[in-house]
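Chemist: A predicted structure for the sequence below; I have some questions about it.
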Amino acid sequence: MKDQIGTKDNPMLLKTPPLSSEYTMHVEVKDGREILVCTVGKTILHYDIRCLNDLHEMLKKQGDWVELGSADEQKPAKEATVEAWGRSENNPVGGWYGLKKGLRGRFGMYIPPLMEKLGLAEVTHEAKGNKMRAI
């Protein structure tokens with residue numbers, strides 16, 4: 001799967017769920033472990049790469065659509081959303097999948113389109129209130 005995501009020199013181009021903004025995603029090794037590097041304009045976010053498998057498993061268990069609920073790290077995430085799960089003490093990593101302090105949020109904005117492009121999930125593309133479910 002990581003080979004499909006791309007490298008720093010050849011990243012995967014994605015669009016946010018409302019299809020309003022473009023960003024890129026690639027895989028890099030940092031401190032001896034693989035991470036997802038998400039570049040939005042000049043902002044660079046890092047996510048634990050295992051979020052792809054973990055989120056896919058959670059969605060399969062859920063068996064239905066789950067609201068994305070994207071929010072910055074400093075704002076609380078709406079309950080029962082992908083964003084809330086991505087920072088919950090009850091997820092498989094016991095907290096944040098975002099790895100850059102201050103920029104750990106927006107999990108529900110940037111990971112779902114990647115999963116859709118990888119064929120792991122379906123994502124709705126409305127102006128607001130988007131959802132995803134496992135394929």
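Modeler: Good, I have the coordinates.
Chemist: Any figure for the gap between the most centrally placed residue in the chain and residue 48?
Modeler: Nearest residue to the geometric centre of the chain (Cα atoms, centre = their mean): residue 111, 1.8 Å. Taking Cβ to Cβ, to the nearest Å as the measure, residue 111 falls 10 Å from residue 48. For glycine as for every other residue, the C-beta is placed from the backbone atoms N, C-alpha and C.
Chemist: which residues are in contact with both of those two?
Modeler: By Cβ atoms under 8 Å, 6 or more residues apart in numbering, residue 111 and residue 48 have these common neighbours: 36, 97.
Chemist: circling back: wait, what's in contact with the residue nearest to the centre of the chain?
Modeler: Under the criterion of Cβ under 8 Å, 6+ apart, the neighbours of residue 111 are 36, 47, 51, 52, 55, 82, 86, 97.
Chemist: so which of those residues is the most crowded?
Modeler: Among the contacts of residue 111, residue 86 has the most neighbours (other Cβ atoms under 10 Å), with 30 neighbours.
Chemist: hang on, the residue nearest to the centre of the chain in a helix?
Modeler: Yes: membership of residue 111 in a helix is supported by DSSP: H, G, I helix; E, B strand; the rest coil.
Chemist: Quick one, grab the pLDDT at it.
Modeler: Residue 111 carries a pLDDT value of 98.
Chemist: Just want to check the distance between it and residue 9.
Modeler: 22 Å.
Chemist: now residue 64, nearest residue through space, not along the chain?
Modeler: Leaving aside its chain neighbours, residue 64 sits nearest to residue 133 (6.2 Å; criterion: Cβ to Cβ, 6 or more residues apart in numbering).
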